[in-house]
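K.L.:
Structure, please.
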Amino acid sequence: MSVAFEHFSDVKIIECDDFLSILPSFVPTGNILLVTSKGFTKRGLVAQVVDKCTASRVYVFDDVTPNPEKSHLQTHIAQFTHNNIDHVIALGGGSVIDAAKIFCALLSHPDTSLDDLLLVDEVVNKVNLIAIPTTSGTGAEVTPFATVWQSDMAKKYSLYGIQSNVAILDPSLTLSLPVDETLYSALDALSHALESLWNKNKTKESEVFAKQAISCICHSLQQVLAEPKDLVARSELQRAATLAGMAISITRTAIAHALSYPLTAGFAVPHGLACSFTLSAIIDVIGYETLELPEALAGQVTALLAQLDFGVELQKYVAWSEIQRLSNVPMDASRAGNFIAPIDNHLIHEILLTSQRLIKQTSLL
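P.N.:
Numbering: from 1, shown residues only. As a prediction, this is how the structure comes out:
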């Protein structure tokens, strides 16, 4: 399936089947900070990256956790601020890439705290950032923002302005993903694409990216879940995530993400699950015409989501009684305000009730 990468000039996007062979050409000299997670160190991939890089020195930070903590990153950057880092390589999923962006911001502005940088409208990056996603979901490899958390306060923060110089897409890196991570990541990408369509900020360009992403996900997700080693389907999912990331780079997200944040912050519901379980209900309650969602795409999306048992997945983390309380929780205005229709507590309550009803129907099939 053809994709519109060539129309997105902000990030150089490279598709390949062996990222190690091409990585050195993007970091030929200077010092490197490799940001990753401990799993890649244990599996030996970090050692292979270090061995391939011909730069002067490679430093490794592999202590990235899901939903990276603001204080954790601020503390650990101190060990790298005096190492003259020229390049940051992010090898991992959305949390790793977000952490790498935060490190880029702190390395670019060593005399400024992360708290202060989070108040800046657009942070200027002075470090070369190479993003190598190992999941197919967040689109963080192309977006200009990063999310960090303060879990003790159940708060989410966004930093804006740090974007990769190069994104390297190698679908083989996603082959070892467990089923739940594959599913949640793809649902996050689907949420991005849909929310960029029912968005006040959408453009013709973002609409092209979003529609291609939705088609790719609807075409390939079930195939990947059924045959996890299908590299062609994995590649299609990876492209979809990047396309969806390109779309929200223009529009940002909207109502489903606004609803998701309290669930992730308060109950550790995985982000992709938290922002996708309401998608069918939003289409049902608002109507695909009002959402400016083509009928054919709406049908593909609802058919796909009807095959997934959100009830079982959500019960692993949170009770429906807690989910219903979202009707009275203030929504993140920076996301909810992007939605194409007016939002109030009554609408949120109706969306949540409809979500529960649709999920119960699916469980009975």
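
K.L.:
For A254, list the residues it contacts.
P.N.:
The contact partners of A254, by Cβ atoms under 8 Å, 6 or more residues apart in numbering, come to 195, 198-199, 335-336, 338-340. All C-beta spots, glycine's among them, are computed from the backbone N, C-alpha and C.

K.L.:
again, only using 7 Å
P.N.:
Residues near A254 by Cβ atoms under 7 Å, 6 or more residues apart in numbering: 195, 198-199, 335-336, 338-339.

K.L.:
and those residues, which of them are in helices?
P.N.:
Here DSSP state H is the test, and these give 195, 335-336 as lying in helices.

K.L.:
From S191, how far off is the closest residue to G137 other than its chain neighbours?
P.N.:
Nearest residue to G137, sequence neighbours excluded (Cβ to Cβ, 6 or more residues apart in numbering): S185, at 2.9 Å. Between S185 and S191 the computed distance is 11 Å (Cβ to Cβ, to the nearest Å).

K.L.:
Also N67?
P.N.:
16 Å.

K.L.:
If you count surrounding residues, which of these two has more?
P.N.:
S191 (27 against 17; other Cβ atoms under 10 Å).

K.L.:
pretty sure that one contacts F277?
P.N.:
No. When contacts are counted by Cβ atoms under 7 Å, S191 is not listed as touching F277 (9.7 Å).

K.L.:
what packs against the strand or helix carrying A193?
P.N.:
Using DSSP states H and E, A193 maps to helix 179-197. Helices and strands touching helix 179-197, by 3 or more Cβ pairs under 7 Å, 6 or more residues apart in numbering; DSSP states H and E, are helix 204-226, helix 231-251, helix 255-267, helix 271-274.

K.L.:
Could you provide the ones in helices among the contacts of A254 in a markdown table, with additional columns for neighbour count and distance to L173?
P.N.:
Converted to a markdown table, the ones in helices among the contacts of A254 look like this (neighbours: other Cβ atoms under 10 Å; distance: Cβ to Cβ, whole Å):
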| residue | neighbour count | distance to L173 |
| --- | --- | --- |
| E195 | 29 | 26 |
| R335 | 23 | 29 |
| A336 | 18 | 34 |
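
K.L.:
and which of those is nearest to Q48?
P.N.:
E195 (36.6 Å; Cβ to Cβ).

K.L.:
Most distant residue from the centre of the chain?
P.N.:
Going by Cα atoms, centre = their mean, the residue of the chain most distant from its centre is S56, 31.6 Å out.

K.L.:
Please look at it and V27 and confirm they touch.
P.N.:
No. Between S56 and V27 there is no contact under Cβ under 7 Å: 10.3 Å.

K.L.:
Kindly state which of the helices and strands packed on helix 179-197 is positioned closest to A303.
P.N.:
helix 204-226 (7.8 Å).

K.L.:
What lies in contact with that closest one?
P.N.:
Against helix 204-226 from outside (Cβ under 7 Å, 6+ apart): 1, 3-4, 7, 179, 182-183, 186, 189-190, 193-194, 196-197, 230, 233-234, 236-237, 239-240, 243-244, 246-247, 250-251, 297, 300-301, 304, 307.

K.L.:
ok so, going back, quick one: residues contacting the residue farthest from the centre of the chain.
P.N.:
S56 neighbours (Cβ under 7 Å, 6+ apart): 29-31.

K.L.:
of those residues, buried ones?
P.N.:
N31 (16 or more other Cβ atoms under 10 Å).

K.L.:
Among the contacts of S56, pick out the one closest to L259, please.
P.N.:
N31 (42.0 Å).

K.L.:
How much space separates the closest one from D86?
P.N.:
Distance from N31 to D86, by Cβ to Cβ: 5 Å.

K.L.:
Outline the domain layout of this structure.
P.N.:
18-169, 173-364 (automatic domain parsing).

K.L.:
quick one: average pLDDT of the longest one?
P.N.:
Per-region confidence: domain 173-364 scores 94 on mean pLDDT.

K.L.:
and what of the first one?
P.N.:
Per-residue pLDDT values over domain 18-169 give a mean of 93.

K.L.:
now it: how far from the chain's centre is it?
P.N.:
14 Å (Cα atoms, centre = their mean, to the nearest Å).

K.L.:
what's the answer for the longest one, then?
P.N.:
For domain 173-364, the distance between its averaged C-alpha position and the chain's averaged C-alpha position is 12 Å (Cα atoms, centre = their mean).

K.L.:
residue closest to the middle of the chain?
P.N.:
T138 (1.5 Å).

K.L.:
mind checking the SS state of that residue?
P.N.:
coil (DSSP: H, G, I helix; E, B strand; the rest coil).

K.L.:
From S37, how far off is it?
P.N.:
For T138, the distance to S37 - Cβ to Cβ - is 14 Å.

K.L.:
what does V208 give?
P.N.:
33 Å.

K.L.:
These two: which is more packed in?
P.N.:
Using other Cβ under 10 Å, the more surrounded residue of V208 and S37 is S37, with 21 against 16.

K.L.:
which residues does the more buried one contact?
P.N.:
62, 64, 92, 96.

K.L.:
what separates it from D62, distance-wise?
P.N.:
Taking Cβ to Cβ, one finds S37 at 6 Å from D62.
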